[in-house]
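Undergrad: Mind looking at a prediction? Sequence and model below.
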Amino acid sequence: MKQKLIFLASLFSFHFLNAQNSKNTFSVSEPSYAKTFISIDSILSSFNDPSIPATEIAIIKSGKIIYNKGLGSADIEKKVPSTLETNFNIASNSKQFVAMCIMLLEESGKLFRTDDIRKYIPEMPVYDTAISINNLIYHTSGIRDYLELQGIMCKQGDFNQKSNLKLIAKQQHLNFEPGEYHLYSNSNYFLLGLIVERVSGYPLHKFIRDNIFIPLGMKNTFFSEEKRITNEAKDYRKNSSTYILQENKHPTISGEGGIVSNVNDLLLWDQNFYHNILGNRKQKIVEDMLITGRLNSLENTYYGCALFNIQYKGKQAVLHGGGYHSYSTQILRFPSDSLSIIFLSALPTSTDNYCFKIADLFIENKSQNSKTTFQNDLASTNIPGYYFNKKLLNYRLVEQADSCLIINRKKYYKVAENNYVSDEDVWGWKNQLSFANADNGDIEMNHKITYTNDNYKKLKEDTLNPNFAGKYYCPELSNLSFELRFEDKKPVFLVDGKYTADVTKTFGNIALIPTFSAVMFFETDVNKQATGFVLSTDRVKKINFVKK
């Protein structure tokens with residue numbers, strides 16, 4: 001019996017800050033915040049259960065903890081509560097520290113962020129356009145995400161620096177020309193970690209420890225493979241109504257994730273952005289961390305050195321999240337208000353949502369944006385359906401609700417004929433949709449998402465040609481094979497001879513495979529026989545498979 005493939009989830013010293021240890025809860029006595037604290041308790045009520053995994057939250061105002069609460073259990077079986085000293089895998093929030101390493105090396109004159117990465121990693125292919133260190137920092141390199149590549153290859157949890165570099169370097173093509181788009185890829189920070197090692201001459205974990213953790217007094221922050229982590233929030237998987245302890249196989253020490261830390265230590269890191277003591281102790285280095293990248297089109301990516309730098313209700317908000325296994329984390333900062341929210345959880349949850357809800361209790365809305373007037377009439381019945389972008393090889397499913405359109409659970413309301421605007425997302429951003437009829441009768445959609453502006457064409461459902469059946473191989477993935485079969489006239493893929501991946505929707509020569517969140521576009525010859533296909537996922541674009 002063949003296994004069903006489960007796609008690999010991706011895997012982002014000062015005066016003492018009045019932090020005190022307690023078993024489960026601590027708040028500084030601030031009468032003016034009494035009602036606010038009650039509201040926060042209400043927001044976090046779903047986490048207040050000792051039978052579920054741990055969550056730890058701290059709110060810092062002007063360098064002091066004004067609210068802290070540990071919820072759930074760090075160890076459910078032993079009934080160990082969550083505290084300020086409970087360690088969590090902070091996942092992609094680790095990237096901030098790697099970015100700071102690059103900044104410290106540049107400050108000392110050992111590299112320049114404009115350098116071609118092949119100066120330090122000659123194993124990488126020569127692409128048509130050189131990739132700079134800045135391209136890695138801002139996620140504008142176009143390099144495919146090695147974690148999603150591993151998922152396609154069914155090599156879940158295969159973390160090894162040598163093999164990961166080999167896989168990345170084997171990719172002869174990029175997702176896009178460097179600087180054309182911003183697309184998050186763990187490969188970027190994996191390579192940055194490697195650059196830190198090769199330029200400094202020290203292992204990544206030692207360079208970070210000597211240059212960041214020790215100077216800041218972060219005594220309980222480590223890469224998870226450095227040492228046995230004590231007081232760690234256990235990693236559980238939910239099964240029905242119970243939680244099962246799962247093996248927490250941490251990744252090899254590398255730049256994209258894997259740091260374990262706690263609220264006490266992360267406070268020290270957070271406050272360093274106000275008064276830097278790292279490197280030459282100049283404030284410029286942390287100011288440069290917040291400078292966001294620009295695309296070739298000069299559009300703002302809103303992404304700096306592993307930190308999003310956005311405007312939220314008229315105020316600067318700096319943030320980054322992380323997710324690995326069951327862990328989800330968020331560090332959100334409002335510099336003008338000296339307000340920070342640190343949210344660490346051993347539950348897969350929407351940390352953005354909770355952090356901004358809490359922030360709303362503290363910050364005044366300075367936004368001068370006028371309120372959008374929505375129209376209540378329904379969209380054209382011709383609009384809902386699947387839309388395809390041939391350039392990026394991805395799709396959007398547009399669904400019709402009572403008085404709006406929905407894409408990826410986001411609601412879009414009509415503001416004019418064939419024009420729609422989303423309700424504000426948790427970051428306060430609005431996305432736009434517009435529709436038009438092409439000369440040939442096709443419905444075209446323009447989808448503007450913050451800094452991208454992409455065009456899609458509506459697809460018509462159609463069956464795959466049975467002649468497409470056969471084996472397809474990918475040279476860039478060690479000749480990984482995808483065999484297309486038709487079982488009871490339904491298409492299904494056998495991956496590497498071991499796993500099955502169902503095809504849920506087909507549109508002539510396009511197939512959607514939710515197992516990988518993938519799109520396959522079949523290429524044919526003059527006789528309409530398939531010669532191969534290109535596959536795209538969220539962070540892997542246009543990888544070629546050849547039929548043999």
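TA: Right, received. Where do you want to start?
Undergrad: for residue 534, which residues make a bridge with it?
TA: residue 521, residue 544 (DSSP bridges).
Undergrad: Looks like it contacts residue 520 (just checking).
TA: Yes - between residue 534 and residue 520 there is a contact at 7.3 Å, judged by C-beta atoms under 8 Å. Bear in mind the C-beta positions are built from the backbone N, C-alpha and C, glycine included.
Undergrad: For these two, work out which one has more neighbours and name it.
TA: Remark: of residue 534 and residue 520, residue 520 carries more neighbours, 25 against 16, as counted by other C-beta atoms under 10 Å.
Undergrad: distance of that one from residue 464?
TA: Note on residue 520: its distance to residue 464, by C-beta to C-beta, to the nearest Å, is 9 Å.
Undergrad: shared neighbours, those two?
TA: residue 511 (C-beta atoms under 8 Å, 6 or more residues apart in numbering).
Undergrad: Now residue 145. Nearest residue, chain neighbours left out?
TA: Once flanking residues are discounted, residue 145 sits nearest to residue 539: 3.6 Å by C-beta to C-beta, 6 or more residues apart in numbering.
Undergrad: Quick check: that neighbour touching residue 146?
TA: No - assessed by C-beta under 8 Å, residue 539 is found out of contact with residue 146, at 9.4 Å.
Undergrad: what do those two both touch?
TA: residue 186.
Undergrad: Counting neighbours around each, name which of those two comes out higher.
TA: More neighbours surround residue 146 than the other of residue 539 and residue 146, with 26 against 22 (other C-beta under 10 Å).
Undergrad: can you tell me which residues contact that one?
TA: Contacts of residue 146 by C-beta under 8 Å, 6+ apart are 164, 167, 168, 186, 187, 190.
Undergrad: between those residues, which is nearest residue 82?
TA: residue 186 (27.5 Å; C-beta to C-beta).
Undergrad: What are the phi and psi values at the closest one?
TA: Torsion angles at residue 186 (phi, psi; degrees, to the nearest 10) stand at phi -60, psi -20.
Undergrad: part of a strand, is residue 415?
TA: Yes - per DSSP: H, G, I helix; E, B strand; the rest coil, residue 415 lies within a strand segment.
Undergrad: so is the nearest residue to it once chain neighbours are set aside in a helix, a strand, or just coil?
TA: The shortest distance from residue 415 to any non-neighbouring residue, by C-beta to C-beta, 6+ apart, is to residue 421 (5.1 Å). Recorded secondary structure, residue 421: strand (three-state DSSP).
Undergrad: Report the beta-bridge partners for residue 421.
TA: residue 413, residue 432.
Undergrad: quick one: it and residue 431 touch, right?
TA: Yes - if you go by C-beta under 8 Å, residue 421 and residue 431 touch, sitting 7.5 Å apart.
Undergrad: Neighbours of residue 291, how many?
TA: Neighbour number of residue 291 under other C-beta under 10 Å is 13.
Undergrad: Spatially nearest residue to it, not counting backbone neighbours?
TA: Per C-beta to C-beta, 6+ apart, closest to residue 291 is residue 304, 5.6 Å.
Undergrad: Tell me if I'm right that that neighbour and residue 286 touch.
TA: No - with contact defined as C-beta under 8 Å, residue 304 does not count as touching residue 286 (10.4 Å).
Undergrad: Comparing the two, which shows the higher neighbour count?
TA: Counted by other C-beta under 10 Å, residue 304 and residue 286 do not tie: residue 304 has more neighbours, with 21 against 18.
Undergrad: Backbone dihedrals for that one, please?
TA: In terms of degrees, to the nearest 10, the main-chain angles of residue 304 are phi -100, psi -130.
Undergrad: May I have the residues that are in contact with it?
TA: 137, 138, 289, 290, 291, 292, 293.
Undergrad: next one: phi and psi at residue 163?
TA: Per degrees, to the nearest 10, the residue geometry at residue 163, taken as phi and psi, is phi -70, psi -30.
Undergrad: Next, count neighbours for it.
TA: For residue 163, using other C-beta under 10 Å, the count is 14.
Undergrad: For the nearest residue in space to residue 401 that is not next to it in sequence, which three-state class applies?
TA: With C-beta to C-beta, 6+ apart as the criterion, residue 401 has its nearest non-adjacent residue at 6.8 Å, and that residue is residue 411. Put simply, residue 411 is strand when judged by three-state DSSP.
Undergrad: can you pull the buried residues of the longest strand seen in the chain?
TA: If you go by DSSP state E, the chain has its longest strand at strand 315-324. Residues of strand 315-324 classed as buried: 315, 317, 318, 319, 320, 321, 322, 323, 324 (neighbour count, 16 or more other C-beta atoms under 10 Å).
Undergrad: about what we covered before: ok, the contacts of residue 146 vs residue 335, which is closest?
TA: Nearest member of the contacts of residue 146 to residue 335, counting by C-beta to C-beta, is residue 186, at 27.5 Å.
Undergrad: bridging residues for residue 80?
TA: residue 75.
Undergrad: now stretch 444-457: mean pLDDT?
TA: Average pLDDT, stretch 444-457: 86.
Undergrad: Show me where the stretch 51-200 of the chain has its helices.
TA: 95-107, 133-137, 146-152, 161-169, 186-200 (DSSP state H, counting those that start in this stretch).
Undergrad: any idea how far the third one is from the chain center?
TA: Centroid separation for helix 146-152 versus its chain: 14 Å, with C-alpha atoms, centre = their mean, to the nearest Å.
Undergrad: now swap in the longest one and tell me
TA: Per C-alpha atoms, centre = their mean, the displacement of helix 186-200 from the mean C-alpha position of its chain is 18 Å.
Undergrad: and that helix, what does it pack onto?
TA: Counting contacts by 3 or more C-beta pairs under 8 Å, 6 or more residues apart in numbering; DSSP states H and E, helix 186-200 packs against helix 95-107, helix 133-137, helix 146-152, helix 161-169, helix 204-208.
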